[in-house]
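Participant: predicted structure and sequence below. I'll ask about it afterward.
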Amino acid sequence: MQMTMRWFGPVEDKIPLAHIRQVPGVEGVVGALYDVPVGEVWPQDKVRALADQVQQAGLKMEVIESVNIHDDIKIGLPSRDRFIANYQQTIRHLAEIGIKVICYNFMPVFDWMKTEMNYVLPDGSVTMAFEKKGIDKTLDEVVKEVLENSNGFALPGWEPERLAKVQELFAKYKDVDENTLRQNLVYFLERVIPVCEEVGIKMAIHPDDPPYSIFGLPRIVKNRDDLDWICNAVNSEANGITLCTGSIAEDPDNNVYEILAEFTRRRRIHFAHVRNIKLIQDKDFYESAHLSRYGSLDMYEVMKALHDNGFNGYIRPDHGRFIWGETGRPGYGLYDRALGVTYLHGLWEALEKRH
Ligand code: CS2
Ligand code: MN
């Protein structure tokens, strides 16, 4: 496995690559371009500049998170063909600079949803949480709160300019049910997977976060059966998964260890996001420290499911808390994610030496 950390680039991320390089066991970063509008081609000179910068810092960049999917593709509008052609071109450009995996999601309207961005734990650390009462409000109120509480950062998938028109966007999805969304995903995959196969890239879909419907929007990457359906719909290793333990485990009915084991065995998990969450009541939860004892997941079992089934993809700690006075982009401070890396390496080493 290759351990990585997400890096938001020289403008958006205040953590220098030089600091990421000092985290023991981190070989690469997971990068992206943030100044290209969703749906447009990522220009070759820009992706190359990013790759050069990472390489000069002594790190690899073989994973992109995310090349986001334009809403017209998810809705299935005639304009999708232009956006899919752009996506194909972006795949080619990324292959040329050595990218192996593209993480993406197929969630309508917005990316992950948390209701609390500054949730204070008893030890004084600050994390993110999701409480159902936080979305029992109007859509406009919820969107306003998320945007106001993101510490001044544009969260991926929560671009203020898109969400300024959130009602319009919702209206466009009014005839899109789960079936239609599935058909639209397949339409997209049938066109991009052959390109991926040709250039040696793997697509890796991220589960819905949370993995159930919110605001009446359809969700199609929620559980084992959804993942199975997606894998079979376009049966290619290039059609794979980003298995995010935190997201999958937000539905207590999901058995995250079995899901990890099955899809690792099936060679479809190309990228793993590993984080722990603490379920509070019903489906409310907060993102805890990585160690098993702080959350609801057994992180030894998580790593064992990957290890024992032959995982050889990319992995990163997912969100971290803010500790030691750090502030910044919610979920993406340096210190707690670095502790997560070290812990995950410790588990992995123990698994390697077990026999
Ligand atoms: C990530 C997601 O920060 C996060 O929670 O796990 O934003 C993820 O990058 C996207 O859903 C993948 O497209
Ligand atoms: Mn994730």
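Facilitator: Alright, I've got the coordinates. Ligands and ions are numbered 1, 2, ... in the order given.

Participant: hmm, residue 347 and residue 300 touching each other?
Facilitator: Yes - under the criterion of Cβ atoms under 8 Å, residue 300 is in contact with residue 347, at a separation of 5.8 Å. No exception for glycine: its C-beta is placed from N, CA and C like everyone else's.

Participant: quick one: contacts of the helix or strand of the chain with the lowest mean pLDDT?
Facilitator: Using mean pLDDT, DSSP states H and E, helix 160-163 stands out as the lowest-scoring helix or strand of the chain, at a mean of 79. With contact meaning Cβ atoms under 8 Å, 6 or more residues apart in numbering, helix 160-163 is reached by 38, 110, 143, 147, 154, 169.

Participant: same check on stretch 185-201?
Facilitator: Looking at what lies outside stretch 185-201 - Cβ under 8 Å, 6+ apart - the contacts are 69, 73-74, 76, 80, 84, 87-88, 91-92, 94-95, 99-102, 106, 202-203, 220, 230, 233-234, 236, 238-239.

Participant: narrow those to just the buried residues.
Facilitator: Among these, those classed as buried by 16 or more other Cβ atoms under 10 Å are 69, 73-74, 76, 80, 84, 87-88, 91-92, 94-95, 99-102, 106, 202-203, 220, 230, 234, 238-239.

Participant: the helices in the stretch 101-250 of the chain, which residues?
Facilitator: Along the stretch 101-250 of the chain, the segments classed as helices by DSSP state H, counting those that start in this stretch run 139-148, 160-163, 166-172, 178-199, 224-233, 245-249.

Participant: packing partners of the last one?
Facilitator: Other elements packing on helix 245-249 under the criterion 3 or more Cβ pairs under 8 Å, 6 or more residues apart in numbering; DSSP states H and E are helix 256-265, strand 269-274, strand 277-281.

Participant: quick one, strands of the protein?
Facilitator: Secondary structure of the chain (DSSP state E): strands at 2-6, 28-31, 60-65, 101-104, 116-120, 126-130, 202-205, 239-244, 269-274, 277-281, 284-287, 314-317.

Participant: possible to save those as JSON lines with mean pLDDT and distance to residue 192?
Facilitator: Formatted as JSON lines, these follow (pLDDT from 0 to 100; distance: least, Cβ to Cβ, whole Å):
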{"stretch": "strand 2-6", "mean pLDDT": "98", "distance to residue 192": "22"}
{"stretch": "strand 28-31", "mean pLDDT": "98", "distance to residue 192": "19"}
{"stretch": "strand 60-65", "mean pLDDT": "98", "distance to residue 192": "13"}
{"stretch": "strand 101-104", "mean pLDDT": "98", "distance to residue 192": "9"}
{"stretch": "strand 116-120", "mean pLDDT": "93", "distance to residue 192": "33"}
{"stretch": "strand 126-130", "mean pLDDT": "96", "distance to residue 192": "31"}
{"stretch": "strand 202-205", "mean pLDDT": "98", "distance to residue 192": "7"}
{"stretch": "strand 239-244", "mean pLDDT": "98", "distance to residue 192": "9"}
{"stretch": "strand 269-274", "mean pLDDT": "98", "distance to residue 192": "15"}
{"stretch": "strand 277-281", "mean pLDDT": "96", "distance to residue 192": "31"}
{"stretch": "strand 284-287", "mean pLDDT": "97", "distance to residue 192": "31"}
{"stretch": "strand 314-317", "mean pLDDT": "98", "distance to residue 192": "19"}
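
Participant: and the residue most central in space within the chain, what are its phi and psi?
Facilitator: Computing the C-alpha centroid of the chain and ranking residues by Cα atoms, centre = their mean puts residue 206 first, at 5.2 Å. Main-chain torsions, residue 206, degrees, to the nearest 10: phi -90, psi 140.

Participant: report the contact partners of it.
Facilitator: Shown in contact with residue 206 (Cβ under 8 Å, 6+ apart): 65-66, 103-105, 221, 242, 244, 247, 273.

Participant: of these - the most surrounded one?
Facilitator: In terms of neighbours by other Cβ atoms under 10 Å, those top out with residue 242 at 28 neighbours.

Participant: nearest to ligand 1: which residue in the stretch 201-350 of the chain?
Facilitator: Minimum separation of the stretch 201-350 of the chain from ligand 1 (Cβ to the nearest ligand atom) falls at residue 206, amounting to 3.7 Å.

Participant: any idea how far that residue is from residue 231?
Facilitator: 15 Å (Cβ to Cβ, to the nearest Å).

Participant: before we move on, what about residue 192?
Facilitator: Distance of residue 192 to residue 231, given as Cβ to Cβ: 15 Å.

Participant: of the two, who's got more company?
Facilitator: A direct count of neighbours by other Cβ under 10 Å for residue 192 and residue 231 places residue 192 higher, at 24 against 20.
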